[in-house]
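Engineer: need the 3D shape of this:
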Amino acid sequence: MTGELFFVIRFSGMLERVQQAEAAEMTIGRQATNVVCLPNSAVSRNHAVLSRKRAEFLIRDLGSRNGTLLNGQRIVEAVLSVPALIEIGPYQLKVCRDLNSAQEEAEGVIESTCNQPGPNRPRSDREQWEQQLTPAQHRVYKEFLCGRTEKEVANALKISIHTVHTHSRAIYTKFEVSSRGELLSQFANHLTQHH
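Structural biologist: You can find the predicted model right below:
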């Protein structure tokens, strides 16, 4: 396998982000210094490493407490084939060959989670909706509440505009709105009702 790799990263089944494997060696773990940071206590500080050796990519577990699964099998070290699924704690990293297939996978995750029946929620219970956001969606949501556009959010969080758009669609679905304006209006209504 040559070229680039992309991860479609899910947290507890919900889309968190799409990330490109850009470096020859990428560390994966809970610590913020990792290239792929997965901030959850079920993930070791330095959990695994992905490295490029000539024409192939290898994934190696770094003696993590909870292990690393590749396509459902616990591994110490293995060659990645595409497509593949890496599982680390509550995170699933779907390995894709290019950006187009990663975007298609991300949109498929959004559609599948949007089509799942959810609990009936009263419109004023903003806190309950916020709790359903993944960490990445929550960061985008907070930027929206500051009045930033998708492009400004992408620049502020150093992520692609497509990733911001993907998160915004998931946020709108969870908050039962169809635009950033409706989201801000709902937030403003919540503030006036509770102050």
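Engineer: please enumerate the strands of the protein.
Structural biologist: Taking DSSP state E as the test, the strands found in the chain are 5-11, 14-21, 25-29, 36-37, 48-53, 56-61, 68-70, 73-75, 77-79, 84-88, 91-96.
Engineer: quick one, which of those gets closest to residue 176.
Structural biologist: strand 14-21 (16.4 Å; Cβ to Cβ). (Each C-beta comes from the backbone N, C-alpha and C, glycine too.)
Engineer: other residues contacting that closest one?
Structural biologist: Strand 14-21 is touched from outside by 4-10, 36, 50, 52, 57, 91, 99, 102-103, 106, 109-110, 113, 134-137, 159-160, 162-163, 166-167, 170, with contacts defined as Cβ atoms under 8 Å, 6 or more residues apart in numbering.
Engineer: buried among these? Make that a ChimeraX selection.
Structural biologist: Of those, the buried ones can be selected in ChimeraX as follows, counting by 16 or more other Cβ atoms under 10 Å:
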select :5,6,7,8,9,10,36,50,52,57,91,102,103,106,109,110,113,134,136,137,159,160,163,166,167,170
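Engineer: out of the strands of the chain, which gets nearest to residue 175?
Structural biologist: Closest among the strands of the chain, using Cβ to Cβ: strand 14-21, at 14.2 Å.
Engineer: in that closest one, what's buried?
Structural biologist: 14-19, 21.
Engineer: with stretch 95-102 instead?
Structural biologist: So, applying 16+ other Cβ under 10 Å, buried residues of stretch 95-102: 95-96, 101-102.
Engineer: and stretch 39-54, by the same measure?
Structural biologist: 43-44, 46-52.
Engineer: if we can go back for a sec, reformat the buried residues of stretch 95-102 as TSV; add pLDDT.
Structural biologist: Formatted as TSV, the buried residues of stretch 95-102 follow (pLDDT from 0 to 100):
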residue	pLDDT
95	91
96	90
101	83
102	80
